[in-house]
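Student: quick one, structure for this:
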Amino acid sequence: MSRSNNKMTREERRQKALKHFECRRCGNCCTWPGRVRITAEEADAIAAELGLTVSEFTECYTRLSASRRDLELTDHDDGSCIFLTEEKLCRIHNVKPEQCRGFPWKWDYPRSEELCEGMRIAWKKT
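Tutor: Just a heads-up that it's a prediction; the model follows:
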């Protein structure tokens, strides 16, 4: 039995919308405050992309997580990603962390269907 769109839960509708999702590079997922954990391999790749040593990269662009087990990317004062440019582009797009590449399939944020251009379009198709 299928529910109409207005009776589906948000998660059910989100799952349907994901089938239509195409990133529009609006950058809104990168402005949502949160923690972006990175692996040692990701730190190596990002450092190389930026032309830095791993030590330089970790000192300038990371912090120790609250659990003291992981590194996290730092962010701008407004909570947006440190690698989000003024043009809303990812400065490390070619090597961005798995957590970033996982949006919106592995994670999402409140009201992403309103704030993310790709999700807004996909949502309308459900």
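
Student: and the residue nearest the centre of the chain?
Tutor: Closest residue to the average C-alpha location of the chain: C100 at 3.6 Å, with CA atoms, centre = their mean.

Student: mind checking what helix or strand follows the lengthiest helix in the chain in sequence?
Tutor: Counting residues, the longest helix found in the chain (DSSP state H) is helix 40-50. For helix 40-50, the succeeding helix or strand toward the C-terminus, using DSSP states H and E, is helix 54-61.

Student: give the buried residues for that next one.
Tutor: Buried residues in helix 54-61, counted by 16 or more other CB atoms under 10 Å: 57-58, 61. (C-beta placed from N, C-alpha, C; glycine too.)

Student: export the residues you listed to TSV and tack on distance to D70 and pLDDT?
Tutor: Formatted as TSV, the buried residues of helix 54-61 follow (distance: CB to CB, whole Å; pLDDT from 0 to 100):
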residue	distance to D70	pLDDT
F57	15	98
T58	12	97
Y61	14	98
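
Student: now E113: closest residue in space that isn't a chain neighbour?
Tutor: W123 (4.3 Å; CB to CB, 6 or more residues apart in numbering).

Student: just the angle for the longest helix of the chain relative to helix 54-61, thanks.
Tutor: 90 degrees (axes from the mean of the first three to the mean of the last three CA atoms, to 10 degrees).

Student: rewinding a little: let me see the contact set for the residue nearest to E113.
Tutor: Going by CB atoms under 8 Å, 6 or more residues apart in numbering, W123 touches 13-14, 17, 113.

Student: neighbouring contacts of the helix or strand containing the residue nearest to the centre of the chain?
Tutor: Using DSSP H and E, C100 maps to helix 98-101. Outside helix 98-101, the residues that touch it by CB under 8 Å, 6+ apart are 29-30, 36-39, 42, 81, 90, 106-107.
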